[in-house]
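A.B. asks: This is the structure alone, sequence omitted:
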């Protein structure tokens, strides 16, 4: 502090004015404001620093704004400073509390919900918090074998994820042809190349995912004729269009995860159609299986590994049922993790385009 007093003396002697240091509470507040300016890379660190700054401002106002080296001024209260410190500190504190609550472990009500959250994470990277918000906006459905799951009208109003069982968009048409009667509701055979059977992990109708800004045009000329029927007892999860619009506008992170899920689903649909009758070998390449029925003999999950044997019979995809892999385990609190977080948080100068995310 010697250099500071020397500077004070020089300034005072040249300008003829008294030099006064900030009191201890004002100094702590200024330090927190400075830390907030440094922590531009993490909103939690920034808001936390601002909250602490206003806490010290509150103490400073209650103490009567003491000057250095005193901590309190008897009989004095700075009302304006107390008011603004409480108002601003409360808003920052609410934001900090919200973000800390978001970091708490997320638990789901049932094993089915847990598996669905695991599936969404493996196919889109969706975190558990966003998965919980996604599940809030949809519902479970059970459909018995032989019943219609969705009509051609509903196909454009909801997205269906097949969790368990097998479905067909040709079952009703085939049954009508065998009985020599007209297909129900104007049902026709699906367009060439479309999958005859959908199994666990498949999504329909993909066109509703256009709400996330990914243009999907599969069967756009034939969608009004398609209906999906249950080949076996099925368990599905569905989201109406209104729920998808909510997900698209809820938060940038949730919308981004849904776009990733839409792109994965489109890629899986293309693979299902283009490589029907082929299977993946251990190298990841495709090899012909010589399937006489033309149906898909095997398929890969999100890791590229084969689905389990029961999948073809209507069992759940491995993306639902596989245990958490080592890299999927939630990170345990550690000093190394805190250091990584602090290193990321310290970013006083924002990169280009930070407001464009």
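C.D. replies: That came through, no problem. Keep in mind that this is a model prediction, so the values were computed, not measured.

A.B. asks: going forward, measure contacts between C-alpha atoms and count neighbours the same way
C.D. replies: OK.

A.B. asks: I'd like the average pLDDT over stretch 309-325.
C.D. replies: Per-residue pLDDT over stretch 309-325 has a mean of 88.

A.B. asks: State the next helix or strand along the chain beyond the helix or strand of the chain with the lowest mean pLDDT.
C.D. replies: Least confident helix or strand, the chain: strand 286-288 with a mean of 37, by mean pLDDT, DSSP states H and E. Using DSSP states H and E, the helix or strand that follows strand 286-288 in sequence is helix 318-321.

A.B. asks: So which residues make contact with that next one?
C.D. replies: Here helix 318-321 makes contact (CA atoms under 8 Å, 6 or more residues apart in numbering) with 115, 116, 118, 119, 122, 123, 163, 201, 301, 302, 307, 308.

A.B. asks: quick one: which of these is nearest residue 56?
C.D. replies: residue 118 (43.5 Å; CA to CA).

A.B. asks: burial of the closest one, as a residue count?
C.D. replies: Residues contacting residue 118 under the criterion other CA atoms under 10 Å number 23.

A.B. asks: where does the stretch 251-357 of the chain have low pLDDT?
C.D. replies: Along the stretch 251-357 of the chain, the model assigns pLDDT under 70 to residues 275-300, 302, 304, 357.

A.B. asks: which helices and strands does the helix or strand hosting residue 61 pack with?
C.D. replies: Per DSSP H and E, residue 61 falls inside helix 43-62. Judged by 3 or more CA pairs under 8 Å, 6 or more residues apart in numbering; DSSP states H and E, the packing partners of helix 43-62 are helix 24-38, helix 79-102.

A.B. asks: And that helix, what's buried?
C.D. replies: Buried positions in helix 43-62, judged by neighbour count with 16 or more other CA atoms under 10 Å: 44-62.

A.B. asks: How about stretch 84-92?
C.D. replies: Quick answer for stretch 84-92 (16+ other CA under 10 Å): 85, 86, 89, 92.

A.B. asks: correct me, but the third one touches residue 47?
C.D. replies: Read that as residue 89. No: taking contacts as CA atoms under 8 Å, residue 89 lies outside contact range of residue 47: 9.6 Å.

A.B. asks: Is residue 216 in contact with residue 206, as I believe?
C.D. replies: Yes: the criterion here is CA under 8 Å, and residue 216 meets it with residue 206 at 6.7 Å.

A.B. asks: neighbour count winner among these two?
C.D. replies: residue 206 (23 against 17).

A.B. asks: residues touching the closest residue to residue 117 other than its chain neighbours, list them.
C.D. replies: Of all residues not flanking residue 117 in the chain, residue 131 sits nearest, at 5.5 Å (CA to CA, 6 or more residues apart in numbering). Counting by CA under 8 Å, 6+ apart, residue 131 makes contact with 117, 120, 121.

A.B. asks: Out of the residues you listed, which sit inside helices?
C.D. replies: Among the contacts of residue 131, the ones falling in helices (DSSP state H) are 117, 120, 121.

A.B. asks: what's the burial count for the first one?
C.D. replies: Okay, so that is residue 117. For residue 117, the neighbour count with other CA under 10 Å is 23.

A.B. asks: what's the distance between it and residue 154?
C.D. replies: 25 Å (CA to CA, to the nearest Å).

A.B. asks: cool, the second one as well?
C.D. replies: For residue 120, the distance to residue 154 equals 23 Å [CA to CA].

A.B. asks: quick one, which of these two is more surrounded?
C.D. replies: In terms of neighbours (other CA under 10 Å), residue 120 is the more surrounded of residue 120 and residue 154; the figures are 23 against 14.

A.B. asks: Give me the secondary structure label for the nearest residue to that one once chain neighbours are set aside.
C.D. replies: Sequence neighbours aside, residue 126 is the residue nearest to residue 120 in space, at 5.8 Å (criterion: CA to CA, 6+ apart). With DSSP: H, G, I helix; E, B strand; the rest coil as the basis, residue 126 sits in coil.

A.B. asks: wait, doesn't residue 126 sit right on residue 119?
C.D. replies: No: using CA under 8 Å, residue 126 makes no contact with residue 119, being 9.0 Å away.

A.B. asks: Check the gap between residue 319 and residue 120 for me.
C.D. replies: Distance from residue 319 to residue 120, by CA to CA: 8 Å.

A.B. asks: again, but for residue 326
C.D. replies: Remark: distance between residue 326 and residue 120 (CA to CA) = 17 Å.

A.B. asks: what's the answer for residue 347, then?
C.D. replies: 32 Å.

A.B. asks: now residue 235
C.D. replies: Taking CA to CA, one finds residue 235 at 16 Å from residue 120.

A.B. asks: Next: residue 103.
C.D. replies: As defined by CA to CA, residue 103 lies at a distance of 19 Å from residue 120.
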